[in-house]
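Peer 1: Here you go, sequence then predicted model.
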Amino acid sequence: MTTFEIIKERVTVPRAAEYYGITSRNGMCCCFEHNDKHPSMKLYEKNYHCFGCGAHGDVIALVASILGISMIEAAKRINADFGLGLDVDKPVSRNDIIMIHRKR
Ligand SMILES: [Zn+2]
């Protein structure tokens, strides 16, 4: 299992969203990727989806997007903020890199 997979197992999207200041009602929140006046983003356990602009991703992409940082930095941030104790400072595994590129 890669570091990214472990993070996604341990931290749900709604939990991370709330932690980084996104308020949601019934799983819906204002999209942080476009100028959203009415909540059009749905937060699922493992990913988010915006019905307005089509933004979509997992918990790491969510944190990267909210904070304006890279996926790697987001993984480190989640690890630190949620006290996961993962060794994210070691070189990123090949699987993680492949996964990041697939998302783009
Ligand atoms: Zn959106």
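Peer 2: The structure has been received and is ready for your questions. None of these values were measured; they are calculated from a predicted model.
Peer 1: Please work out which residues outside the lowest-mean-pLDDT helix or strand in the chain touch it.
Peer 2: Of all the helices and strands that make up the chain, the one with the lowest confidence by mean pLDDT, DSSP states H and E is helix 94-103; it has a mean of 74. Contact with helix 94-103 is made by 2-4, 57, 61, 71-72, as judged by C-beta atoms under 8 Å, 6 or more residues apart in numbering. Bear in mind the C-beta positions are built from the backbone N, C-alpha and C, glycine included.
Peer 1: Repeat the analysis, applying 7 Å as the threshold.
Peer 2: Contact partners of helix 94-103, identified using C-beta atoms under 7 Å, 6 or more residues apart in numbering, comprise 2-4, 57, 61, 71.
Peer 1: Narrow those to those in strands?
Peer 2: Counting by DSSP state E, the members of the contacts of helix 94-103 that fall within strands are G57.
Peer 1: ok, which of the contacts of helix 94-103 also contact the ion?
Peer 2: For the ion, no contacts are drawn from the contacts of helix 94-103 by C-beta under 5 Å from the ion.
Peer 1: List just the nearest of the contacts of helix 94-103 to the ion.
Peer 2: Nearest to the ion among the contacts of helix 94-103 is G57, at 11.3 Å by C-beta to the ion.
Peer 1: CSV for the contacts of helix 94-103, including neighbour count and pLDDT?
Peer 2: Written out in CSV, the entries for these read as follows (neighbours: other C-beta atoms under 10 Å; pLDDT from 0 to 100):
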residue, neighbour count, pLDDT
T2, 16, 88
T3, 21, 91
F4, 24, 93
G57, 18, 97
A61, 19, 97
M71, 22, 94
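Peer 1: Dump the contacts of helix 94-103 into CSV; add distance to R102 as well.
Peer 2: As requested, the contacts of helix 94-103 are exported to CSV (distance: C-beta to C-beta, whole Å):
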residue, distance to R102
T2, 13
T3, 16
F4, 11
G57, 12
A61, 12
M71, 11
